[in-house]
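Undergrad: Dropping the sequence and predicted coords here.
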Amino acid sequence: KNEVEQSPQNLTAQEGEFITINCSYSVGISALHWLQQHPGGGIVSLFMLSSGKKKHGRLIATINIQEKHSSLHITASHPRDSAVYICAVTTRFYYMRFGAGTRLTVKP
Amino acid sequence: NAGVTQTPKFRILKIGQSMTLQCAQDMNHNYMYWYRQDPGMGLKLIYYSVGAGITDKGEVPNGYNVSRSTTEDFPLRLELAAPSQTSVYFCASSYSSTSGNTIYFGEGSWLTVV
């Protein structure tokens, strides 16, 4: 079993829909990261959080440390949000553990 | 700032050949990393460095070597390429540990070994 599990693996939505991507982890962490990978391959960091909730524009990330679970929400989704969203956790030492990613397609 | 720059973008290698993936960052970051991404899998750490002159193995170091002679550069050497090294490689950097710092990635290098 992977240490970081994401669901769903694939997600198709209509423009304007509210989207939730889930991440569960099984190891002790010091931080959780949400990353976005565009079709061209580049990966950018969206959020880094260790507790609570963060918001940036239409994106919201939450984490529940006790339940070892995080969610990424996208409000009013748009076709430009189409990408692979990756959950990653920082464990002890310098290792980050990555989920396999959720491929999101937003149709106009 | 250019951020993290890695070259080449694409490369085809024959089995047994060697090559170096170049990585440079201009953000004065201490920590640098090399990851590989295989289809349907999460990124795996190959090697990392916490400063010039300091490198250490990650999860999947076999078949690779690195050096860190300067803060800016962190090249990844593939010796005796094998088909199992066909993958997408990402260089990344962070100011310090990612327990409190954002990680920045290069654009990726697509490597095929035939």
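TA: On my side now, so go ahead.
Undergrad: can we go C-alpha only for contacts and neighbour counts from here?
TA: Will do.
Undergrad: Please enumerate the strands of the chain.
TA: You didn't say which chain, so I picked chain A. With DSSP state E, the ranges of strands along chain A come out as A:4-7, A:10-14, A:19-25, A:31-37, A:43-49, A:52-56, A:59-64, A:69-74, A:83-90, A:96-98, A:102-107.
Undergrad: that answer is for a different chain, and I need it for chain B
TA: Taking DSSP E as the test, the strands found in chain B are B:4-7, B:10-13, B:19-25, B:31-37, B:44-51, B:54-57, B:64-66, B:76-78, B:87-94, B:104-105, B:109-113.
Undergrad: Can I get those in JSON lines including mean neighbour count?
TA: JSON lines is the format used below for these (neighbours: other Cα atoms under 10 Å in any protein chain shown):
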{"stretch": "strand B:4-7", "mean neighbour count": "20"}
{"stretch": "strand B:10-13", "mean neighbour count": "14"}
{"stretch": "strand B:19-25", "mean neighbour count": "19"}
{"stretch": "strand B:31-37", "mean neighbour count": "25"}
{"stretch": "strand B:44-51", "mean neighbour count": "23"}
{"stretch": "strand B:54-57", "mean neighbour count": "15"}
{"stretch": "strand B:64-66", "mean neighbour count": "19"}
{"stretch": "strand B:76-78", "mean neighbour count": "19"}
{"stretch": "strand B:87-94", "mean neighbour count": "25"}
{"stretch": "strand B:104-105", "mean neighbour count": "22"}
{"stretch": "strand B:109-113", "mean neighbour count": "19"}
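Undergrad: Now do the helix or strand of chain A at the bottom of the mean pLDDT ranking: which elements does it pack against?
TA: Here the helix or strand of chain A ranked lowest by mean pLDDT, DSSP states H and E is strand A:96-98, holding a mean of 92. Helices and strands touching strand A:96-98, by 3 or more Cα pairs under 8 Å, 6 or more residues apart in numbering or on different chains; DSSP states H and E, are strand A:83-90, strand B:44-51.
Undergrad: Now tabulate these in TSV and tack on distance to residue A:27.
TA: Below are the helices and strands packed on strand A:96-98 laid out as TSV (distance: least, Cα to Cα, whole Å):
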stretch	distance to residue A:27
strand A:83-90	9
strand B:44-51	16
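Undergrad: now residue B:71, nearest residue through space, not along the chain?
TA: The shortest distance from residue B:71 to any non-neighbouring residue, by Cα to Cα, 6 or more residues apart in numbering or on different chains, is to residue B:52 (5.2 Å).
Undergrad: Quick check: the gap between that neighbour and residue A:58.
TA: For residue B:52, the distance to residue A:58 equals 39 Å [Cα to Cα, to the nearest Å].
Undergrad: now residue A:16
TA: 11 Å.
Undergrad: Please identify every residue contacting each of the two.
TA: Overlap between the contact sets of residue A:16 and residue A:58, as judged by Cα atoms under 8 Å, 6 or more residues apart in numbering or on different chains, is given by A:75, A:76.
Undergrad: The two: which is more packed in?
TA: residue A:16 (15 against 12; other Cα atoms under 10 Å in any protein chain shown).
Undergrad: Hmm, that one is touching residue A:77, no?
TA: Yes. Counting by Cα atoms under 8 Å, residue A:77 is a contact partner of residue A:16 at 4.6 Å.
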